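A.B. asks: Next one to model:
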Amino acid sequence: MTSKLKLIGIIVAALLLGGCQQKLSNSKQASDSKGVMSQNQNVTVVEQTRLNTVDISKVSSFNKLRSSTEGLFRLGNNGRVNNGLAQSYRISKNAKTYTFKLRNNARWSNGQPITASDFVYSWQRSVNPQTRSVNSNLFDGIKNADKIRKGELKASRLGVKALSNHELQVTLEHPMVYFETMLAYPLFAPQHRATVQRYGSAYGASANKQIYSGPFKLVKWHANSASRTLVPNPYYWDKSHVYLKRLTIVTSKSPSQDLKAYQKNKVAEIQLIGKQIPENKNNPDYVVRPFSLMRIIAYNFNTSETTNKKLINNRNARLAISHAISRRQLINNALQNASLPPKGFVTAGLSKNNLNHSDFANQQEASSYVKGNVKSAATEWATAKRQLNGRNFKLTLVTPNDVNSVRVAKNIKTQLESKLTGLTVKVVSLDSTHLTTRISHGQFDLLLTGWGADYPDPLSFLQAMTSNSRHNYGRWHDATYDHLVDIISNNQSTNNQLRWGQMLTAEKRLTQQQGVTPLYQQADSFLTNPKLNGVVHNISGVVEDYKSAYWVK
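C.D. replies: Okay, the predicted model is just below:
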């Protein structure tokens, strides 16, 4: 995946010399061989959280939709862009206009044709502020998207147009080196207008209130149910490379019950938690997968409690909190897994400089601000208390109620209270529904959350912390940072080295100011049945894809 950014940069540079017709690679995997497949092609896997909608305009975790959703492209192994519903595409000389040719045999799960108009409708719906898509910012860079999101223009002005039933044209405001990879994200998949209008507010709330463009379709599921069942989409264009007869995804009951189910061959994969990790490291089924997901503490800069608001808006206080946390202790004691201490806000392995191949994470210049340093923490905390004329403070740390998050929150509480004299931390763990309500109403002081890259470029992280980002839950505002990211986002140049330096400057500003406090880059441990082949795993975007998964004998 990290090499993909380099490849795209080379492609864009070449395109400046002339238009180009792109023919995408086929998705058939070299390992596909029906001769070694077992009779039973039913797979059950365990995930940690439930799914609350299959409306791609409103869902927060697209990883849960990859198997039933497809757009123009799909991501293969190592972030390779494979053909999806796009058969080919052309890019203009200035790298700002893309024209996609859709497959003639692209069909919805009800058998109806998928057309260019379905893409136009979907994108306009997602970027429309009335839809309240939490990911609408990903459309920024497409012509007029930002103005539409701000309510300054109608959604019909978005730079996407159906030239015919099978030709889609997209106009960008500036070249985007990561555009093809981003289009593999399910947010950019088509939506069927008649289905959306038929079900209204109930659209996407159950399996039968949606139709599907991907290799599978949901047949058994409703919002927040403990499991969901998928079967092959009989009209999928590449159905000959879909081998599973049934894919069942169940929500974790408890780490111990998950392990028992795996040992009895009832599930094909589970995530290991806590002490299960060292206990199973010698198991031949043990695997570790790092993600471009940074777990963070988000600060509520507008918290309703006056004293806490002053504390959180004090930079020394935020620096003290960051320096008071030993990331290695947090990982070793709370997680007991292979997660990585941060070097900044942007994760390791996401993106490399296409000139010298340096990892962006290794070049981040403010790493000292995200490392435990007891002496610095004490000094900064004393300064903050003096500036605020206070002695004792009580902050509420809100966290999801999954096992790992609760462990991490309790460890943070212990570390902060032991190193910052006069600070008390109250941990409140909530299920997804109540957590969402708390966040939307700003009812927290500190929030244990995270941000994962949607595409393999540092901007995927940097955009999340701008003032107008819906993912900036604590409403951190820094005019200098906003200006830096705006320059990067609207860069008309194809000078990748200039852009790289600008991104490093923006990341440095965010980290020095501690707009958020990075805790660790997530790497999870799993037990995976080695007879399950063909599952695609990636470090960013959609990290798991079961399209061509199959059991071997």
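A.B. asks: CA atoms for contacts and neighbours, from now on please.
C.D. replies: Noted.
A.B. asks: Wasn't N82 part of a strand?
C.D. replies: Yes. Under DSSP: H, G, I helix; E, B strand; the rest coil, N82 falls within a strand.
A.B. asks: Might one say that it is in contact with L75?
C.D. replies: Yes. The pair N82 / L75 is scored as a contact, 5.8 Å apart, by Cα atoms under 8 Å.
A.B. asks: ok, these two, which is more surrounded?
C.D. replies: Neighbour count, other Cα atoms under 10 Å: between N82 and L75, L75 has more, with 28 against 22.
A.B. asks: contacting residues around that one?
C.D. replies: Neighbouring residues of L75 by Cα atoms under 8 Å, 6 or more residues apart in numbering: V81, N82, T181, A184, V542.
A.B. asks: Drop anything exposed from those residues.
C.D. replies: Buried members of the contacts of L75, counted by 16 or more other Cα atoms under 10 Å: V81, N82, T181, A184, V542.
A.B. asks: For the helix or strand containing the third one, give the mean pLDDT please.
C.D. replies: In this structure, T181 is located in helix 179-182 according to DSSP states H and E. pLDDT averaged over helix 179-182 equals 88, rounded to a whole number.
A.B. asks: what's the answer for stretch 381-394, then?
C.D. replies: Rounded mean pLDDT across stretch 381-394 is 95.
A.B. asks: Run the chain-centre distance for that stretch.
C.D. replies: In terms of Cα atoms, centre = their mean, to the nearest Å, the centre of stretch 381-394 is found 36 Å from the chain centre.
A.B. asks: Give me the contacts around that stretch.
C.D. replies: Taking Cα under 8 Å, 6+ apart as the rule, stretch 381-394 contacts 307-308, 310-311, 314-317, 320, 420-426.
A.B. asks: Closest one of those residues to Q502?
C.D. replies: Using Cα to Cα, R315 is the member of these that lies nearest Q502, at 23.3 Å.
A.B. asks: Would you map the strands across the stretch 401-550 of the chain?
C.D. replies: Applying DSSP state E, counting those that start in this stretch to the stretch 401-550 of the chain gives strands spanning 423-430, 446-452, 516-528, 532-533, 536-537, 544-545, 550-551.
A.B. asks: now the ones you listed as CSV including mean neighbour count?
C.D. replies: CSV is the format used below for those (neighbours: other Cα atoms under 10 Å):
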stretch, mean neighbour count
strand 423-430, 17
strand 446-452, 21
strand 516-528, 24
strand 532-533, 16
strand 536-537, 18
strand 544-545, 21
strand 550-551, 24
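A.B. asks: By average pLDDT, which secondary structure element in the chain comes out worst?
C.D. replies: helix 2-15 (a mean of 31; mean pLDDT, DSSP states H and E).
A.B. asks: Count the residues that sit near E47.
C.D. replies: Applying other Cα under 10 Å, I find that E47 has 18 neighbouring residues.
A.B. asks: by contact count, what packs against the helix or strand following the helix holding T181?
C.D. replies: Helices and strands here follow DSSP H and E; after helix 179-182, the next one along the chain is helix 193-199. On a contact count with 3 or more Cα pairs under 8 Å, 6 or more residues apart in numbering; DSSP states H and E, helix 193-199 meets helix 116-127.
A.B. asks: what residues does the helix it packs on touch?
C.D. replies: In contact with helix 116-127 (Cα under 8 Å, 6+ apart) are residues 57-58, 102, 131-133, 136-137, 139, 145, 148-149, 155-156, 158, 160-168, 187-193.
A.B. asks: Now do that helix: distance to the chain's middle.
C.D. replies: Helix 116-127 has its C-alpha centroid displaced from the chain centroid by 21 Å (Cα atoms, centre = their mean).
A.B. asks: and if you look at stretch 455-462?
C.D. replies: 10 Å.
A.B. asks: For it, report the contacting residues that lie outside it.
C.D. replies: Outside stretch 455-462, the residues touching it (Cα under 8 Å, 6+ apart) are 1-2, 4-5, 178, 181-182, 185, 345-346, 350-351, 360, 451-454, 485, 488-489, 503, 506-507, 540-541.
A.B. asks: and the residue lying closest to W221 once chain neighbours are set aside, what helix or strand is that in?
C.D. replies: Of all residues beyond its chain neighbours, the one nearest W221 is R228 (4.7 Å), with distances taken as Cα to Cα, 6 or more residues apart in numbering. Using DSSP H and E, R228 sits in strand 227-232.
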